[in-house]
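>>> after the sequence you'll find the predicted model.
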Amino acid sequence: MVENPDIRLINCIIADDEPLARIGMKRLVEQVSYLNLVGIAKDVFEISGFLAIAKVDLLFLDIHMPKISGIEFLKTLQNPPKVIFTTAFAEYALKGYELDVLDYLLKPVTLDRFLKSAHKAKEYFESADLLHAKKGATEKTDFLFIKTSKKIEKVFFKEILFVKAMLNYVVLFTENRKLVTYTSIKKISDRLPTSLFLKIHKSYIVSVSHINSLERNHLKIQQHTLPVSRAHKAELIKMLGTRKP
């Protein structure tokens, strides 16, 4: 395959114990310019070998593999690539989606159905790359500029205690001042590094390092008591648990 620098190549592996199925999938992969085939495996041992030596983004994985099923094998991986299951049995579709796979292809796989699946993978990796790039760009700086009614002010990330949404405005609370700006909490969230800040409620984003305590559905930041929604509490607890003391 001739590489085009403008195309984001998706490194993929085909895994199937049936020779004809492997040949058929290889022909389908070769129809798609952004799929880069780095290996073809007949069992989970060969898959493991490829994963150990190559950067693999996507795995076309047959569910009915010898000795151990594709589903059971996927459960054993610590950092698995994204997976598109292939199988002749439709009843496995729900099980596949429970494992957060990208798609499910029913054999025999047609070209039009394969192209839809490949496009889904392309959209996933493009979105993931964009998010990673945006996060990296944000975290290279340690401040942002906020437009208030009178001027544009520089605010360092380390100053911010929390952010509160109020109708069409957002208030940034620091130790010494409150900055009110006409924007949405979504736009402010996009400008804050995810390693330092976390949304805890539809109206609040907090600086994790400034949290003093968490009790039930509220947390304390200095003299402020803020609500924590049920939808965000698990992520907050996880982030608190993984931060170094």
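Cool, got the structure.
>>> in this structure, where is pLDDT below threshold?
Applying pLDDT under 70 to the chain picks out residues 1-7, 91-98, 132-140, 242-245.
>>> measure the residue nearest the centre of it to G49 for me?
Central residue of the chain (CA atoms, centre = their mean): A128, 6.0 Å from the mean position. Relative to G49, A128 is positioned 25 Å away (CB to CB, to the nearest Å). Where you see a C-beta, it was placed from the backbone N, CA and C, and this is true even at glycine.
>>> which helix or which strand is home to H119?
Per DSSP states H and E: H119 is located in helix 111-139.
>>> and M239, by the same measure?
Element membership of M239 [criterion: DSSP H and E] is helix 230-242.
>>> list the contacts of that helix.
With contact meaning CB atoms under 8 Å, 6 or more residues apart in numbering, helix 230-242 is reached by L198, K199, I200, H201, V208, I211, L214, N217, L219, V228.
>>> buried residues in it?
Neighbour-count burial for helix 230-242, counted by 16 or more other CB atoms under 10 Å, picks out H232, K233, L236.
>>> save these as TSV, and put in distance to L59 too.
Formatted as TSV, the buried residues of helix 230-242 follow (distance: CB to CB, whole Å):
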residue	distance to L59
H232	32
K233	33
L236	32
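>>> closest to D142 out of these?
Of all those, D142 sits closest to L236, with 22.8 Å by CB to CB.
>>> per-domain residue ranges of this protein.
According to automatic domain parsing, the chain comprises the domains 10-138, 143-242.
>>> relative to M65, how far out is D43?
Counting by CB to CB, the gap from D43 to M65 is 6 Å.
>>> overlap in contacts, the two.
A15, D17.
>>> ok, those two, which is more surrounded?
Between D43 and M65, counting by other CB atoms under 10 Å, M65 is the more crowded of the two (21 against 16).
>>> how much space between that one and E46?
With CB to CB as the criterion, M65 and E46 are 10 Å apart.
>>> find the residues that touch each one of those two.
A15.
>>> before we move on, back to that, just say which of the domains of the chain is most tucked in.
For the domains of the chain, the largest average neighbour count (mean count of other CB atoms under 10 Å) is found in domain 10-138, namely a mean of 16.
>>> what about that domain, distance to the chain center?
17 Å (CA atoms, centre = their mean, to the nearest Å).
>>> is T225 in a bridge, and if so with what?
Beta-bridge pairing for T225 (DSSP bridges): K220.
>>> can you check T86 too?
Beta-bridge partners of T86, as defined by DSSP bridges: D62, L105.
>>> name all residues that make contact with V56.
Counting by CB under 8 Å, 6+ apart, V56 touches N11, C12, I13, V38, G39, F50, P81.
>>> excluding chain neighbours, what is closest to it?
If the residues on either side of it in the chain are set aside, V56 comes closest to P81, at 4.6 Å by CB to CB, 6 or more residues apart in numbering.
>>> roughly how far does that neighbour sit from N11?
Applying CB to CB to P81 and N11 gives a distance of 8 Å.
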